[in-house]
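Peer 1: need a structure here:
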Amino acid sequence: MLRFVHHPDYVSPGAPGTGMLFDKYGLVPMALDEMGAVYEVHRPDPMPRHWIEAVHDPDYVEQVMTCTVPPEKERRIGFPISERIARRALLSPGGTWRAAQLALLHGFAANGAGGSHHALYDTGAGYCVFNDLAIAASRLIAEAAVRRVLIVDLDVHQGDGTAALTAGRDDIVTFSMHGEKNFPARKAVSDLDVGLADGTGDDVYLAALADHLPRLIEDVRPDLIFYQAGVDPHEGDRLGRLALTDDGLEARDRFVMRLAVEAGIPLASVLGGGYGNDRMAVARRHARTMLALADAHDRFSSLTGGR
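Peer 2: Here you go, the predicted structure:
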């Protein structure tokens, strides 16, 4: 059973000429249906503003909420902020927090949005408005739902905003494995960064993941893993520059879940990046990632006696 967090307002039209189209968030449920998936939908509430302001500059939050973001920040984000985008910016972190709540109860849940890992303290960047990962992790810790969170970011782009927003905290640990020469040009410092060369394929990628992630989980011993499960390392991604196949992506996802289950750690996934002119093909990659995670959770849980 896939517990899938989704809201109709995740879907918002992209501004003409920006190249950013939000319709993949509406296509993912269609892809799940096309694949005959069994899933239940959980609708999130918007993240209360004070939890966003616990991570982001209140002045920037006000600019987003009133649609008065300066042009230079909108350029950095990649699209103008409208009322619908502002609402979506509240729902996405709300969905990540809701997925975490479900994961703590059931072992795994997936947010059908989120992974906005480029958003910084006082501005958005790289198609990201608010950093849902940092916001949700901070709220969970403040509410004493967990004591320590590990953010595993396997999007092809480094999670620079997440690293910057959580720097100096020992209760939120960040791991980013990404294309070294891809966006952003100036990398932040995660607790653990693994940069990969352009063209990296399945074998090298999976070997690098196996070399770093098991030891990190053992060292950190988190109460929850947030998994930024971007599908843009795929060989067909428009912005990816890596060369993972469909099988490679699935092996990645199953490996991450197996480690979580074996360690008895709940895992909540977020959508992350995935880009291409065939947006249904991208949506199918996201759907396959969620289904691989759900299946791996159930299979490994039955083998280990976990939840």
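
Peer 1: from now on I want contacts and neighbour counts done on CA atoms only, so please keep to that.
Peer 2: OK.

Peer 1: how many neighbours does residue 113 have?
Peer 2: By other CA atoms under 10 Å, the residues close to residue 113 number 29.

Peer 1: show me what whichever helix in the chain runs longest is packed up against.
Peer 2: Longest helix of the chain, by residue count under DSSP state H: helix 279-304. Counting contacts by 3 or more CA pairs under 8 Å, 6 or more residues apart in numbering; DSSP states H and E, helix 279-304 packs against strand 2-5, helix 24-34, strand 108-111, helix 246-263.

Peer 1: which one of these lies closest to residue 287?
Peer 2: Taking CA to CA, helix 24-34 is the member of the helices and strands packed on helix 279-304 nearest to residue 287, at 5.7 Å.

Peer 1: what is the mean pLDDT for that closest one?
Peer 2: Here helix 24-34 scores 95 as its mean pLDDT.

Peer 1: one more: stretch 210-219?
Peer 2: Rounded mean pLDDT across stretch 210-219 is 98.

Peer 1: pull the residues that contact that stretch.
Peer 2: Residues from elsewhere that reach stretch 210-219 (CA atoms under 8 Å, 6 or more residues apart in numbering): 150, 259.

Peer 1: repeat that with 10 Å
Peer 2: By CA atoms under 10 Å, 6 or more residues apart in numbering, the surrounding residues in contact with stretch 210-219 are 150, 152, 173-175, 177, 191-194, 204-205, 221-222, 225, 252, 255-256, 259-260, 263, 265.

Peer 1: pull out the buried residues from stretch 257-275.
Peer 2: For stretch 257-275, the neighbour count (16 or more other CA atoms under 10 Å) marks 257-261, 263-275 as buried.

Peer 1: in helices, which of the contacts of stretch 210-219 appear?
Peer 2: 204-205, 252, 255-256, 259-260, 263.

Peer 1: Throw the residues you listed into TSV and include pLDDT and distance to residue 87, thanks.
Peer 2: Below are the ones in helices among the contacts of stretch 210-219 laid out as TSV (pLDDT from 0 to 100; distance: CA to CA, whole Å):
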residue	pLDDT	distance to residue 87
204	98	40
205	98	36
252	98	32
255	98	34
256	98	31
259	98	35
260	98	32
263	97	36
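
Peer 1: now those residues as TSV including distance to residue 133?
Peer 2: What follows is the ones in helices among the contacts of stretch 210-219, written out as TSV (distance: CA to CA, whole Å):
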residue	distance to residue 133
204	27
205	24
252	20
255	21
256	17
259	20
260	18
263	21
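
Peer 1: buried only: go through the contacts of stretch 210-219 for me.
Peer 2: Buried among those by 16+ other CA under 10 Å: 150, 152, 173-175, 177, 191, 193-194, 205, 221-222, 225, 252, 255-256, 259-260, 263, 265.
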